[in-house]
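A.B. asks: Could you work out the structure for the sequence below:
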Amino acid sequence: MATKRPFVHPSRHGQVPDEPKRKRQKPENLSGRRSFKKAHPINDLKSQVRSLKRLLEHRDDLPADVRVEKERALQSAEYELSEALRAKKRSEMITRWHKVRFFDRQKATKRLKRATRELNECLEGGCEESKRMAMQQKVRDAEVAVNYAIYYPLERDYVPLFPSRRKRSGADGDEGGADEEVEREEQRKGDPEMLRKIEQCMGEGTLEALRNSKHLEINDEAVLRPQGALHSPAKIKKNLARDDKLPGDVHGNRRERRLAAAAAKAQAEEEESDGGFFE
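C.D. replies: Coordinates of the predicted model:
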């Protein structure tokens, strides 16, 4: 039990030193949530897939309906795992390249405004046809650059449009360094293939699909369905055909089921060998 604070007369407040202030601790659980971290869903899905695979590989005496049910559960778990891994990779890519994309978008937007202003001045002043076409192409390239920074596929490593480079120190002087920096600024980098793809999607109106990796021609199937994520239709058909060949009576103990399976296998071999070699 804490000790009671002694009473001090108001006339002696100046003579008695104040008690040291204690830091008030904040309660840890204000919202009622659990203090421990929740397990990652990817780990649970991996455990589920591993358990189902072991069950199907090591249990040859499973009834046909149970095997079909477990195979469907395995396919569903593998699909959910592939989607979870894809979402995790997408989140990592967004976090990694967010800052670079932001600065590229800012620079490309400034260039677009400057090119548009120059084109309007050219149209108002009545410039030559060749100069007007060159400025229109410059505006078009600036629009492609802006859309490149915004709609580049989120699940792929971003290739910067304007990669930052260190300035050369003092050899050419300040003026030479400034001119070189301006010249480098005018050179647009980036992925040439993706720039062409962006321009094509601008005409088709499919920029949002490209951003979500639904319009990629290269490795599109690998992105939407990772290797080994789902069983192929031929494998599923083979498993179902194997289940159909099982004997009709699948009940009883393990020994009876093994004898029935051996008898069915022997009967199938006899049916295959009835024709003989000279048929």
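
A.B. asks: burial of Ala64, as a residue count?
C.D. replies: A total of 16 residues lie near Ala64 under the criterion other Cβ atoms under 10 Å. C-beta: built from backbone N, CA, C; applies to glycine.

A.B. asks: What of Glu78?
C.D. replies: Based on other Cβ under 10 Å, the number of other residues close to Glu78 is 20.

A.B. asks: now Glu57
C.D. replies: 8.

A.B. asks: what helices or strands is the host helix or strand of it leaning on?
C.D. replies: For Glu57, the enclosing helix or strand under DSSP states H and E is helix 41-58. Packing contacts for helix 41-58, counted by 3 or more Cβ pairs under 8 Å, 6 or more residues apart in numbering; DSSP states H and E, involve helix 64-125.

A.B. asks: helices and strands around the helix it packs on, which ones?
C.D. replies: For helix 64-125, the helices and strands in contact under the criterion 3+ Cβ pairs under 8 Å, 6+ apart are helix 41-58, helix 129-151, helix 233-244.

A.B. asks: Please list the residues outside the longest one that contact it.
C.D. replies: Residues lying outside helix 129-151 but in contact with it, judged by Cβ atoms under 8 Å, 6 or more residues apart in numbering, are 101, 104-105, 108-109, 111-112, 115-116, 118-119, 122-123, 127, 161, 188, 190, 194-195, 198-199, 201-202, 207-208, 210-211.

A.B. asks: which secondary element of this protein has the worst mean pLDDT?
C.D. replies: helix 220-224 (a mean of 39; mean pLDDT, DSSP states H and E).

A.B. asks: What sits closest to Leu52 if chain neighbours are left out?
C.D. replies: Closest residue to Leu52 in three dimensions, ignoring its sequence neighbours and counting by Cβ to Cβ, 6 or more residues apart in numbering: Leu74, at 4.2 Å.

A.B. asks: ok, that neighbour touching Ser51?
C.D. replies: No. Under the criterion of Cβ atoms under 8 Å, Leu74 makes no contact with Ser51, lying 9.4 Å away.

A.B. asks: Which secondary structure state does the residue lying closest to Val8 once chain neighbours are set aside sit in?
C.D. replies: Of all residues not flanking Val8 in the chain, Val16 sits nearest, at 5.1 Å (Cβ to Cβ, 6+ apart). Secondary structure of Val16, reduced to three states by DSSP: H, G, I helix; E, B strand; the rest coil: coil.

A.B. asks: What's the local residue count around Val16?
C.D. replies: There are 10 residues near Val16, going by other Cβ under 10 Å.

A.B. asks: Please give me every residue in contact with the residue nearest to Leu52.
C.D. replies: 49, 52-53, 56, 231.

A.B. asks: Return the distance of it relative to Asp65.
C.D. replies: Leu74 sits 15 Å away from Asp65, going by Cβ to Cβ, to the nearest Å.

A.B. asks: And Gly205, by the same measure?
C.D. replies: Distance of Gly205 to Asp65, given as Cβ to Cβ: 48 Å.

A.B. asks: Over to Ala209?
C.D. replies: Look at Ala209 and Asp65: by Cβ to Cβ, they are 41 Å apart.

A.B. asks: Between those two, which is the more surrounded one?
C.D. replies: Neighbours per residue, other Cβ under 10 Å: of Ala209 and Asp65, the larger number sits with Ala209, 15 against 10.

A.B. asks: Tell me the pLDDT of the closest residue to Thr116 other than its chain neighbours.
C.D. replies: Spatial nearest neighbour of Thr116, excluding adjacent residues (Cβ to Cβ, 6+ apart): Val139 at 5.7 Å. Reading off the confidence values, Val139 has pLDDT 91.
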